[in-house]
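Undergrad: no FASTA, just this:
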């Protein structure tokens, strides 16, 4: 069993991301975030410890950052790349952190149940 090395909790999301790769702008989706990283759903593969230039579209506007690939391939979350934040401007970091904290404090949606109401 692998040890959990996460420093902060993950929050599920669906944010648009643009990955600037070799002169191309590849669009995709961020499926979860933490204070220190994100998971990009993609079929693309890259080596571990590869620096990626990404632009994540938060509700308050896009945030540009450099991230480093830490996991690539199939996970419990799907096919993609797990990455940690490597470099981000201080004002963008403040916006990222504010968004992350708002997600932590937001109520989680309830799952549908198959229980029937009781009573006559």
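TA: Arrived safely. Because the structure is a prediction, the values reported are computed rather than measured.

Undergrad: Now for residue 103, which secondary structure element holds it?
TA: helix 90-105 (DSSP states H and E).

Undergrad: what's that helix in contact with?
TA: With contacts defined as CB atoms under 8 Å, 6 or more residues apart in numbering, helix 90-105 is touched by 8-9, 11, 13, 33-35, 56, 58-61, 63-65, 85, 88. Using the backbone N, CA and C atoms, a C-beta is placed for each residue, glycine as well.

Undergrad: For it, what is the distance to the chain centroid?
TA: On the basis of CA atoms, centre = their mean, to the nearest Å, helix 90-105 sits 13 Å off its chain's mean C-alpha point.

Undergrad: quick one: buried residues of that helix?
TA: Across helix 90-105, burial judged by 16 or more other CB atoms under 10 Å covers 92, 95, 96, 99, 100, 103.

Undergrad: neighbouring strands for the longest strand anywhere in the chain, and are they parallel or not?
TA: If you go by DSSP state E, the chain has its longest strand at strand 61-75. Paired neighbours of strand 61-75 in the sheet (DSSP bridges): strand 51-58 (antiparallel), strand 78-87 (antiparallel).

Undergrad: And the contacts of that strand?
TA: 37-39, 45-56, 79-89, 92, 95-96.

Undergrad: Put the buried members of the contacts of helix 90-105 into a PyMOL selection.
TA: Per 16+ other CB under 10 Å, the buried members of the contacts of helix 90-105 correspond to this PyMOL selection:
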select buried, resi 11+13+33+34+35+56+58+63+65+85+88
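
Undergrad: where does this structure have low pLDDT?
TA: 1-6, 108-120 (pLDDT under 70).

Undergrad: mind running it again at 80?
TA: Within the chain, the stretches with pLDDT under 80 are 1-7, 76-77, 106-120.

Undergrad: Just put the buried residues of helix 90-105 in CSV and tack on distance to residue 75.
TA: Listed next are the buried residues of helix 90-105 as CSV, based on distance: CB to CB, whole Å:
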residue, distance to residue 75
92, 26
95, 27
96, 22
99, 23
100, 20
103, 20
